[in-house]
Every structure is written in C-alpha cells, then in structure tokens.
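>>> The following comprises the amino acid sequence and a computationally predicted model.
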Amino acid sequence: MAKQEDVFKKVISHAKEYGFIFPSSEVYDGLSAIYDYGQNGVELKNNIKQYWWKAMVQLNDNIVGIDSAIFMHPTIWKASGHVDAFNDPLIDNKDSKKRFRADVLIEDYCAKLEDKAQKEIDKAKKRFGDSFDEEQFVATNPRVVDYRQRQKDILSRMAKSLDNDDLADVKALIEELEIADPETGSRNWTEVRQFNLMFGTKLGASAEAATDLYLRPETAQGIFVNYLNVQKTSRHKLPFGIAQIGKAFRNEIVARQFIFRMREFEQMEMQYFVAPGTELDFYEQWKEKRMNWHLSMGLGKENYKFHDHEKLAHYANAAADIEFKFPFGFKELEGIHSRTDFDLSAHEKFSGRKLQYFDPERNESYVPYVVETSVGLDRLFLALFSHCLKDETLEDGSERTVLSLPPALAPVKAAILPLVKKDGLGEYAEKIFNDLKYDFNLIYEEKDSIGKRYRRNDAIGTPFCITVDHDTLNDDTVTLRYRDTMEQERVPVSELRRIIDEKVNFRNLLKQL
Ligand code: ATP
C-alpha cells in the first residue's frame, strides 16, 4: 500500500499538472499557504459551491443567501471577541526552528492514542468474528479503556489551561507527554505564546486619517450584522437561516498542508436564527442534515465522523466538527456550533442599536439564538479531490489515473473528440459541441490519439467522452465512453443531451437529501 505521504504528494502534483491548483505567485517562488485555482479547479470549486447553495437556499424555503463585504467596521471584531480572543497558542522548537500550534501537538498525541485503541478493537473484531460485541469490548477491555481515559484527561486539562490562559501548563503538558518535533525528534521547546490570527489593513487616503481595519477571519459576522435587514425585507419568521459563501483570512501559524490550511480561503456558512431555548434541538438537527449532505457525495460513510468539542469557543454552548479522512488522517472539514445569542447581544451592546426580533407567537421581543454550520470550501475540494483520485491497473496490465468525482461536480461534463480532424469529422464534432454547449461545460479536443485523449479526460474527471468517427457521418451515431466503467456504446447524437443530463444534473445529489 502506498504511504500516506506519497498519496498526498501525488494529490498535490496531480492538482498542478492538470490545472486544478497552482502555488500562488509561483514565478516569484510562491507565497506560503496561498494557492490559485486553475481552469479545472475553478470549475470544480464553483460546482461544489452550487451544490451547497442549492442544498441550503433552494431546498429550504426559510433560508436565504447574502453576499456581504469583506471589509467591515472594525468595532465588529471587538464585539465578536476576535480582537481579544481569536488567538492560537504557538510554540517554537529551538533546534529545528519550526513553529507549531501547541494545541495541535497535543491533539495529534491524542489521535495516536485513539489509533492504538482502534487497533485493539480491530484485532478483537477479527478474532471474535460475528460474535463480537463492540460496545461491551470498548467498555471493558483494559487497554481500550485506558487509551480513551488518557485522551479524555489530556484534552480536558488542555481545555482548562487554555480557558484560564495558563500557557505555562500547556507547555508543562507537552513536556510531560514527551511530545517531540515530529520531523526531528527534538524536545527543546520555547514557552507557549498566544498569537492573534487576524490580518490588519488600512482604509483611507492619507496615513494620518487612515482607519485600521481587519480582513474578516470568518464570514459569519457579515450575516449577524445584516440579520435584521434580511428578516425585515424577507419577512421570514423564526426559525430562518441566512447563507453566505465568501473569502476569509487567517494568519495561520502553521500552514504546511496544501489547501487544508490556507491564509486566504473560502467558507460556506449558514446561520440559523432560532428562539432561545430551542437552539440545542436545532443544533442536533443541523448536525444530522450536514452529515447527510456530505454522505450524498458518495465518498463513503467510513470516511466521516463527528468530533464533539471539549473546549468550546468563547461564543458557543455546544459544538462539533464533522471530520473527514484526509490523506494525512481524520481532520476537521466542517464545524457546527450553537453560538447562543453571544454575537447579536454583543453587537447590540457595541452598536447601541436594538437587534431584537418580535415573536408574534410568544408575544415578546428577544435576541435570537444562532446555530451555525460552517464548512471550508477548500477543505471540501481537498476531500473530494484526494478521495476520488485513483490509480487503476486495467485488465490488459496497463495503468490509468482517474478522478472519479460525482458527475454533477466534475469540471467538464463531456469531451467531444473527432477520431481524426479530416473528412468532415472535425466539423461534425464542432456541430455537436455548439449544440450541447448551452447545457454543459464541454471541451473539444482533436490532438493526440484517441486513447491519450481518453486518459487525459479520465485524469480531470470528465464523465463522458463522445467520439465522432466515419460511421457518424452516415448514421448520426457516436461512441459514448463512460469514465468509471470505460464501457463504450453507440448512441444516436439526438440522445446525447438526455443521457448526459441524466447523469450530471444536481437533481441526482439533491434528491438524496
Ligand atoms: P482548525 O481547528 O482546523 O483551525 P477552526 O475550528 O478554526 O479550524 P472554524 O473557525 O470552525 O475552523 O471554521 C469553519 C471551517 O472553515 C473549518 O471547518 C474549515 O473547513 C474552514 N477553515 C478554517 N480555517 C481554515 C484555513 N486556514 N484554511 C482552509 N479552511 C479553513
């Protein structure tokens, strides 16, 4: 089996070679943790956005979308707590000179304990076969109980220390656990310090008159400060939601995982405004709905899990992550948070404006509570891309690389390929292209052998290849090749639109929700 690092390297090189993702400013040797999306990457990204937007806004008659500005009044970030508390604890290794997030070092240590517990469970499963009672085993096996208890103790001690700003204890924990720099093995650590993740910038023509601004570190605040505008103009009653897709910026301490952790990235967030006291029910509902949304893309149930938070952010009364099995292990893909009335109440206080909702059923005004779902678009991209990229050995012993994306999300839906350019085949193929281009994103290719063109399209995830040959001129049929099975069949040109649409329409995904 290929090593995890090799798989990840292949993902990164394939993304570049096939026009999905390029390092930003590459001719100047790049910019750390900033990436550009290429011609195929932007299509895949747009399709993911569309799928999320349709699932949120189109399928729910009480959710609407907005697009708020990246620049916002600086007091917003004071009110939201980001100026004072949007920090990560950092620690440097004095020998390797590498910087780490202290909390992540400790979490990774716990993930290793969990791996050990899981190994014990898998071993027992094999040994006992059908008679295996996992629940009982997990509750009674001394090793598993010990691994799990140790994780719990470590994480709750870390949560407590971070809450109390006791950074010396976070360092003490790292030392007690003998955590070393993963690459060099050195345990020569600096003290732990807090580091604010917001990027600052200035607004104004002259230096004296300029106002200090921040690049938003999350899109959510744009929704909070607009919630009453939207509520009044849409006339929605609670519960209702506001969805938004947009860029966010964080000066991440450690950014060595390709598009998993970037300094400029995109979030897809939805804030659901509910009556006080009902938030935990909605929180559970949204956890389930969001998990189903992920599962609908067919990457396999075993690759997702919930991780309930021990350490709650300053604004939350419940929080969980949906984790995905990336090539480097299970990591956060989406966060679901019950944010209470923290943000809206803070904006009331700092702005001096009332942000209350009049509830006609309760006959009272109150500040709504909020349940938030927040997923990183780039992380979703990475989940899909890394999972769907496969090397296959074919029956004749040859190899192919295929990107088996869900057809609705594939950058290009069909490739139109004249077998040769001459004898009028090129013109016929162009006619098909011009007829179907109003419905689907297509490519037209006449260079190289047909086999090479099939392989190139497999590698970017094109679900259909349509080959125009000499018979086409006589009977108006073409060869339709399916990406996943590589089967080929002869179909009338007049049927192409229907056949492609059946497979690539978003309906296929949306109906599963
Ligand atoms: P992490 O613990 O990985 O830093 P977080 O808990 O700070 O993430 P949230 O503030 O909950 O993340 O943001 C919601 C989502 O935004 C995350 O689930 C993730 O998908 C995405 N996200 C956050 N930070 C980044 C980043 N630096 N690069 C890419 N995506 C990100």
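Looks like it came in fine.

>>> Helices of the stretch 151-300 of the chain, residue ranges please.
In the stretch 151-300 of the chain, the helices defined using DSSP state H, counting those that start in this stretch lie at 167-176, 220-224, 227-234, 279-295.

>>> Find me the pLDDT at the closest residue to Y454 other than its chain neighbours, would you?
In this structure, Y454 finds its nearest non-sequential neighbour in C465, 5.6 Å apart by C-beta to C-beta, 6 or more residues apart in numbering. (C-beta placed from N, C-alpha, C; glycine too.) Looking at C465, its pLDDT reads 98.

>>> hang on, C465 is in a strand, isn't it?
Yes: secondary structure assignment places C465 in a strand (DSSP: H, G, I helix; E, B strand; the rest coil).

>>> residues in contact with stretch 464-471?
By C-beta atoms under 8 Å, 6 or more residues apart in numbering, the surrounding residues in contact with stretch 464-471 are 413-419, 423, 425, 428-429, 432, 450, 453-454, 457, 477-483, 496, 499-500, 503.

>>> buried stuff in the helix or strand hosting I48?
Of the helices and strands defined by DSSP states H and E, I48 is found in helix 39-53. For helix 39-53, burial by neighbour count (16 or more other C-beta atoms under 10 Å) applies to N40, G41, E43, L44, K45, N47, I48, Y51, W52, W53.

>>> Redo the residues you listed as a markdown table? Include pLDDT and distance to the ligand.
Below are the buried residues of helix 39-53 laid out as a markdown table (pLDDT from 0 to 100; distance: C-beta to the nearest ligand atom, whole Å):
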| residue | pLDDT | distance to the ligand |
| --- | --- | --- |
| N40 | 98 | 20 |
| G41 | 98 | 15 |
| E43 | 98 | 20 |
| L44 | 98 | 16 |
| K45 | 98 | 13 |
| N47 | 98 | 18 |
| I48 | 98 | 12 |
| Y51 | 98 | 16 |
| W52 | 98 | 12 |
| W53 | 98 | 17 |
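
>>> G30: which of these is nearest?
Looking at those and their distance to G30, the nearest is G41, at 16.0 Å (C-beta to C-beta).

>>> Name the nearest residue to the closest one, sequence neighbours excluded.
Counting by C-beta to C-beta, 6+ apart, the residue nearest G41 is F20, at 3.8 Å.

>>> Next: N47.
With C-beta to C-beta, 6+ apart as the criterion, N47 has its nearest non-adjacent residue at 4.4 Å, and that residue is L409.

>>> after the helix holding I48, next one along is what?
Downstream of helix 39-53, the first helix or strand assigned by DSSP H and E is strand 63-65.

>>> I'd like the average pLDDT over that next one.
In this model, strand 63-65 carries a mean pLDDT of 98.

>>> Then stretch 411-426?
Averaging pLDDT residue by residue across stretch 411-426 gives 95.

>>> could I get the buried residues of helix 39-53 as TSV with distance to K311?
What follows is the buried residues of helix 39-53, written out as TSV (distance: C-beta to C-beta, whole Å):
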residue	distance to K311
N40	39
G41	34
E43	38
L44	34
K45	31
N47	35
I48	29
Y51	31
W52	27
W53	31
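
>>> Tell me how many other residues crowd the residue in the stretch 401-513 of the chain that the ligand sits nearest to.
For the stretch 401-513 of the chain, the residue closest to the ligand is L409, as judged by C-beta to the nearest ligand atom, at 17.3 Å. Residues within reach of L409, counting by other C-beta atoms under 10 Å, total 23.
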